[in-house]
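Engineer: sequence plus the predicted model coming up.
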Protein chains: 4
Amino acid sequence: MNTSFFTTGKTAVVAIAFSFLAYTNAQAQEVPTPPKMVPEMTEFWEPEPRVVTPGNNNSAPSDAIVLFDGKDLSQWKAKSGGGDAKWQVKNGEFTVGKGDISTKRNFEDFQLHIEWSAPDQVQSSSQGRGNSGIFLQDRYEVQVLDSYNNRTYSNGQAGSIYKQHRPLVNATRKPTEWNVYDIIYTAPRFKEDGAVFSPARVTVLHNGVLVQNDVEVKGPTEYIGLPEYKKHGKAPITLQDHGNPVAYRNIWIREL
Amino acid sequence: MNTSFFTTGKTAVVAIAFSFLAYTNAQAQEVPTPPKMVPEMTEFWEPEPRVVTPGNNNSAPSDAIVLFDGKDLSQWKAKSGGGDAKWQVKNGEFTVGKGDISTKRNFEDFQLHIEWSAPDQVQSSSQGRGNSGIFLQDRYEVQVLDSYNNRTYSNGQAGSIYKQHRPLVNATRKPTEWNVYDIIYTAPRFKEDGAVFSPARVTVLHNGVLVQNDVEVKGPTEYIGLPEYKKHGKAPITLQDHGNPVAYRNIWIREL
Amino acid sequence: MNTSFFTTGKTAVVAIAFSFLAYTNAQAQEVPTPPKMVPEMTEFWEPEPRVVTPGNNNSAPSDAIVLFDGKDLSQWKAKSGGGDAKWQVKNGEFTVGKGDISTKRNFEDFQLHIEWSAPDQVQSSSQGRGNSGIFLQDRYEVQVLDSYNNRTYSNGQAGSIYKQHRPLVNATRKPTEWNVYDIIYTAPRFKEDGAVFSPARVTVLHNGVLVQNDVEVKGPTEYIGLPEYKKHGKAPITLQDHGNPVAYRNIWIREL
Amino acid sequence: MNTSFFTTGKTAVVAIAFSFLAYTNAQAQEVPTPPKMVPEMTEFWEPEPRVVTPGNNNSAPSDAIVLFDGKDLSQWKAKSGGGDAKWQVKNGEFTVGKGDISTKRNFEDFQLHIEWSAPDQVQSSSQGRGNSGIFLQDRYEVQVLDSYNNRTYSNGQAGSIYKQHRPLVNATRKPTEWNVYDIIYTAPRFKEDGAVFSPARVTVLHNGVLVQNDVEVKGPTEYIGLPEYKKHGKAPITLQDHGNPVAYRNIWIREL
C-alpha cells in the first residue's frame, strides 16, 4: 500500500478498521487508543523542493551567487568609502591588499563557501602569521589564520569565532595548501525596541571537518572587551585586511 | 464525531472518504493530497498527567517538597562543613545569619517558589542594601537585593542572573513587604568529556511579573571575570550570607 | 573593591598587576593565562530596567494592559464580524456566550494572566464538560476544560496546548473554584517567503503549577489533522465559545 | 598591544586608565561605565584544540572512524541477528543486499560522511526507485532515493528526514553519479523517567548543498502514523534494504 494507493483524479473510498484498547484498569475506565493512520497521511507533496544542480569539486551549485570566480572583484567594494575593491587578482585568486573589502550585496541567512591560503612564506607567529578574517554580516568574524604549527589563543585560531568560540579541532592545512570553509549562518533577529530576539548562529566545516557546531554568536566581534548586539538588517560579507598577504579563491554563497 | 466516536471495547469499522487533488499543472503531473485524518488520530490518552492539588495563596502544591514551612531549617545545612543551618527562625520566617546555607537534597530541573524581604531598616546603598542570593544548583545566582529606589548596576539588581542578565523590569516591593520569586530552572547537561551539551536556562517571575524569560546561563556566577562551566551533577539550592539580614519564608520546590 | 571603587565624575587611574602562568609543560611552551579582570568590568548600568509596580493577589502590574477588570467587555469584539462582544458580564466576571470573542488589540510576545471557572453545574463528560479555550494570537489554543475528575485525552485536557502538548500535571481546581493561567508566549517568526524561522513557544503555570515548560508549538491548533504554520503578524487573544458556560475574570496582559 | 603584551614568565604591571560617564540625568544620578578591558582578557589559550589532519577529496580526516574504505564490511553486521553483513563488496563500493545492516559500534553525537549511488538502471518511480536509507542511531532516517527527475512526496525524497522534514532543495545527481551526504547529528537526550529532554537535531549537506538546516527530529521514523520518542542510549548507524540495489562507498564518522 504505497503511493499506488492513490487513485489520482478520482475519489477513493477506503475502509479502515480501527481497533481499540479497552479496560485498562480495575475500574474498567475506558481509555481509547488513537485509530491507526494510513501511510499517505504523513506524505506531503507540496511544496516541491526546487531542483539545484550541485557543483563538482567545490564549485558553485546552480542557485549560488558567485562572489569570486577567479576573474575579478566585481562583486566587491572597499568597505571604507565604498569605492572599487583594489586587492590584486592573479592566477584565479586574489590577495589581501589595502583596507577591508565587502560584498556589494547584503545578506541575511546563508550558506557560504570560501577558500583561503596562508602566505607561502611562513613569517612571524601567533596572530601575526597569515591573519585575515571573514566578517559575516560585516560584524561576526570567522577567523582566518595560519594555524598550522602556530600556537595562539584557542579562541583566536583558524576556525574560531574570534574571541568567542574556539574551534572544536585544528584542521588547518599547510601554508602552501588551500583551506576551505563551508559556513552555515543564521542571522540574529531583533525586537522592535532593539533587544535581541534570537542571536546569530554559526556552523563551520574547515576542510570538511566540523569546527563550529551551531554555536551561538555572543555579539559583534570585539578585539577588546565583551561583545554586545546592536540591531541591524541585511549586511555584506567583509574580508579583513590584517596586514598579511592571505589569498582567497572560489567564493560562493546561497541565500537561505 | 467526538469521543463518542469510540466504541470502546469493540472494533469499529469506519468508512473514510479520501479525496485527492489532481492535475496540478499543465503537464498533468499527478500530485496527491494526503487523505483526511479523523479527530481521534491526534488524541492521545496515555500517559495521563498525574493529579496535583494546587496550593492557595502561594502555598505549596501537593507534589512539592517543602523546604521551609515556617517552623525550622531541617531541610537545610551549613554550606561550609555541612553542619546544622544556624540562621534564626522566628514568626514563620528566617533571617540570613552567619555563612551560606544549602538544602540537604540535591536537585536537577525544578520549579522553585521562594519569598524574601529586605530588612525593614533601609541602610547603605547599591549592593550594600538588602543583599543575598539564591544559588541554583549551588552555582547560578538569582540575585536578591533591596532594589526599591536603590540604583545599582542593572545586571546586579533584584531579579538579575547576577552579572549575566539584568531583569526585564524592576518589580521590587518596598522593604517592609514580601517579594516572591517563582523560578523555572533547567539544569545544564554535559558531555562525557566535560564539554557543555546544553547550558542552564532560567525563567523568573518576580511578584508575578516576568523578569527573566528563558535566558541562557553563561556559567557559574562570578564576582570577578567571565563565567566558565564545569561539569557537575545534581546539586542543592544555596542561600547566600552577604552580611545583610534579609528574611526568607514559604519555600517549596517541585522537581521537573 | 566594590562599587565604591568608582570615583564617579572623575577619571581614575588604576594600576592592576597582571600575573601570568608560565612554563606549563616540560617543553617550556609558553601559555599565557588571561589577566585578571576587576569586578566592575562585568557590571553594566545601562539600560536601567524600568520600574513596574507589581499587583497584589494576582491584580495587574502597573505596566499591564487590563483586558477585563470586572466591568465591561470594552477591550473585546466579536471574532466573527468584529461587532460588540456580547457575552454577559455579571458580578465581576463574564460568561461564554454566542460566538468567539477577540481582543481589539493585536499582540506579539506577551505575558498573559487569565482566570476561569468551569460551570458550577457538573454536566456531561470528557470534552463536553466546561470546554472553552484561549487562542494565543487567534491560532494557538491553551485548552480550558473542567478536568477535575474528568478524564479525556491527555493532550486535550485543561492546561494542554490542544492536541499538541499534554500538561505536565493536572492542576485543575473544582468546578466551584477559580483557575488561574499565567502564560508566557513567544510568537513565531517567519522568513520573507513564509517559511518558519522560529516556532511559537509557550510556558503555562496553572494555579501556580508549571504545566507547559517552554514547549514548541507545532502550528495552529487543528481539531482534525496535523498543524501547519502560515505566516502572520500581530494578532488578538481569542476566547472560544464551545457551548459551555465557562466564566472568566481578571484578565491582563504585558507586552514583552 | 597584541600578544607581545605578555611578558611570559614574569609579572607585568600595567596602568589602565578608566574613564567614567557621569551625571546622566537632571538629578545628577551617578552612573558608572564599566572600566575598559585589555585585549588579553578575552584570549583563552586552554584547552588547545587538538590537531586533525583533514582528508583530500572527501577522504577521512585523521580522527575519523572509517566505516567503509572500499575493502570489506568488517565494521558492519546484520541488523537482524547480528551475524556478518553479507551485502556484496566490489570495486571499492558495496551494494544493498538482503536485510538491513548496522555498524558494530554505537554512536551518540557525530559527523557522518557517506556516499551513495542510485542503480544505473532507472526502474520504477516514486518510492520504488533507488530507495534505501541511513538510520541515525538506528532510528532516525535520512532518506536515500533516486530523486533525479523522480517526483515523490516532498518529505520522502532524497535528503529528507523521512516523513518529517522535506529537504530545502533537491540536489540529487543522476543515477550514474555518486551522491555525498555530510551529516551533523546531535542525539536526543532523555530524562530519567524517559521524557525527552532535548530532541535529536540534524544538519545535512547533499553534494555540498544544505538540505537540512539543524532541524529537530520529531521521533523515530515511522512509515505509518506519528513518531514518538522512546528513551535510548548510544546506537549504531543502520543502512536500509528497501529492495533496490543502491550502492555505497567512502563512509567515515567522527564522534563529537
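Structural biologist: Sure thing, it's come through.

Engineer: got any ranges where the stretch 1-150 of chain A has weak pLDDT?
Structural biologist: Low-confidence segments of the stretch 1-150 of chain A, defined by pLDDT under 70: A:1-29.

Engineer: would you mind listing what in it touches chain C?
Structural biologist: Residues of the stretch 1-150 of chain A lying close to chain C by CB under 8 Å from any CB of the partner chain are A:29, A:31-32, A:42, A:109. C-beta coordinates here come from the backbone N, C-alpha and C atoms, glycine included.

Engineer: from those residues, list the buried ones, please.
Structural biologist: A:31-32, A:42, A:109 (16 or more other CB atoms under 10 Å in any protein chain shown).

Engineer: of the residues you listed, which are in range of chain D?
Structural biologist: residue A:42.

Engineer: would you format the buried ones among the residues of the stretch 1-150 of chain A next to chain C as TSV with distance to residue A:49 included?
Structural biologist: Output for these, formatted as TSV (distance: CB to CB, whole Å):
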residue	distance to residue A:49
A:31	40
A:32	37
A:42	17
A:109	17
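
Engineer: look at the residue positioned nearest the centre of chain A and tell me its secondary structure.
Structural biologist: Centrality entry for chain A: nearest residue to the mean C-alpha point is residue A:184, 1.7 Å, by CA atoms, centre = their mean. Classification of residue A:184 by DSSP: H, G, I helix; E, B strand; the rest coil places it in strand.

Engineer: so it sits against residue D:211, correct?
Structural biologist: No - using CB atoms under 8 Å as the test, residue A:184 is too far from residue D:211 to be in contact (11.3 Å).

Engineer: which positions in the stretch 151-256 of chain A make contact with chain D?
Structural biologist: So far as CB under 8 Å from any CB goes, the stretch 151-256 of chain A lies against chain D at A:151-157, A:163, A:166-171, A:173, A:182, A:184, A:186, A:201, A:203, A:205-211, A:213-214, A:222-226, A:254, A:256.

Engineer: ok, the closest residue in space to residue A:57 that isn't next to it in sequence to residue A:54 distance?
Structural biologist: Once flanking residues are discounted, residue A:57 sits nearest to residue D:57: 8.0 Å by CB to CB, 6 or more residues apart in numbering or on different chains. To residue A:54, residue D:57 is 15 Å away according to CB to CB, to the nearest Å.

Engineer: and if you look at residue A:201?
Structural biologist: To residue A:54, residue A:201 is 24 Å away according to CB to CB.

Engineer: which one's more surrounded, those two?
Structural biologist: residue A:54 (22 against 18; other CB atoms under 10 Å in any protein chain shown).

Engineer: residues contacting that one?
Structural biologist: A:61-62, D:171, D:173, D:206-209 (CB atoms under 8 Å, 6 or more residues apart in numbering or on different chains).

Engineer: got those as JSON lines, with neighbour count columns?
Structural biologist: Output for these, formatted as JSON lines (neighbours: other CB atoms under 10 Å in any protein chain shown):
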{"residue": "A:61", "neighbour count": "20"}
{"residue": "A:62", "neighbour count": "14"}
{"residue": "D:171", "neighbour count": "29"}
{"residue": "D:173", "neighbour count": "20"}
{"residue": "D:206", "neighbour count": "27"}
{"residue": "D:207", "neighbour count": "23"}
{"residue": "D:208", "neighbour count": "23"}
{"residue": "D:209", "neighbour count": "25"}
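
Engineer: now, which of these sits nearest chain C?
Structural biologist: Nearest to chain C among these: residue D:209, at 16.8 Å, using CB to the nearest CB.

Engineer: just list whatever residues bridge to that closest one.
Structural biologist: residue D:206 (DSSP bridges).

Engineer: just the pLDDT at it, thanks.
Structural biologist: We have a pLDDT of 98 for residue D:209.

Engineer: wait, it touches residue A:256, no?
Structural biologist: No - Residue D:209 lies out of contact with residue A:256 (CB under 8 Å); the separation is 10.9 Å.

Engineer: quick one on the thing from earlier: chain C versus the residue nearest to residue A:57, what's the distance?
Structural biologist: 34 Å (CB to the nearest CB, to the nearest Å).

Engineer: so that residue, which of the three states?
Structural biologist: Applying three-state DSSP: residue D:57 is coil.

Engineer: that one: how many residues sit nearby?
Structural biologist: 8.

Engineer: need the contacts of residue A:54 in TSV (columns: distance to residue C:196).
Structural biologist: Supplementary listing: those in TSV, determined by distance: CB to CB, whole Å:
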residue	distance to residue C:196
A:61	24
A:62	25
D:171	21
D:173	29
D:206	21
D:207	25
D:208	25
D:209	21
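
Engineer: find the pair from the residues you listed with maximum spatial separation.
Structural biologist: Using CB to CB, the two most remote members of those are A:62 and D:206, lying 13.4 Å apart.

Engineer: now the strands for the stretch 101-250 of chain A?
Structural biologist: A:101-103, A:110-117, A:132-136, A:140-144, A:179-186, A:189-190, A:196-198, A:201-206, A:209-216, A:238-239, A:247-255 (DSSP state E, counting those that start in this stretch).

Engineer: pick the most deeply packed of the ones you listed.
Structural biologist: Using mean count of other CB atoms under 10 Å in any protein chain shown, the stretch among these with the largest mean neighbour count is strand A:140-144, at a mean of 26.

Engineer: what helices or strands is that one leaning on?
Structural biologist: The helices and strands touching strand A:140-144, judged by 3 or more CB pairs under 8 Å, 6 or more residues apart in numbering or on different chains; DSSP states H and E, are strand A:132-136, strand A:201-206.

Engineer: I'd like to check the angle between that strand and strand A:201-206, please.
Structural biologist: Angle of strand A:140-144 versus strand A:201-206, following axes from the mean of the first three to the mean of the last three CA atoms, to 10 degrees, is 10 degrees.

Engineer: can you list contacts of strand A:140-144?
Structural biologist: A:116, A:130-136, A:156-162, A:181, A:183, A:200, A:202, A:204, A:212, A:217, A:220-221, A:240, A:246.

Engineer: now stretch A:137-154 - C-alpha only, PDB.
Structural biologist: Output of stretch A:137-154 as PDB, limited to C-alpha atoms (Å, rounded to 0.1, in the frame of the first residue of the first chain):
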ATOM      1  CA  GLN A 137      27.100  40.400   8.100                       C
ATOM      2  CA  ASP A 138      30.100  42.700   8.400                       C
ATOM      3  CA  ARG A 139      30.200  42.000  12.200                       C
ATOM      4  CA  TYR A 140      30.800  38.400  13.200                       C
ATOM      5  CA  GLU A 141      34.200  37.100  12.400                       C
ATOM      6  CA  VAL A 142      35.200  33.600  11.400                       C
ATOM      7  CA  GLN A 143      38.900  33.800  12.000                       C
ATOM      8  CA  VAL A 144      41.400  33.200   9.100                       C
ATOM      9  CA  LEU A 145      44.900  32.500  10.400                       C
ATOM     10  CA  ASP A 146      47.800  30.300   9.600                       C
ATOM     11  CA  SER A 147      47.200  27.900  12.500                       C
ATOM     12  CA  TYR A 148      49.400  25.200  11.100                       C
ATOM     13  CA  ASN A 149      52.100  24.600  13.800                       C
ATOM     14  CA  ASN A 150      51.400  28.100  15.100                       C
ATOM     15  CA  ARG A 151      50.100  28.300  18.600                       C
ATOM     16  CA  THR A 152      47.900  31.300  19.600                       C
ATOM     17  CA  TYR A 153      45.000  31.700  22.000                       C
ATOM     18  CA  SER A 154      42.500  29.000  21.200                       C
END
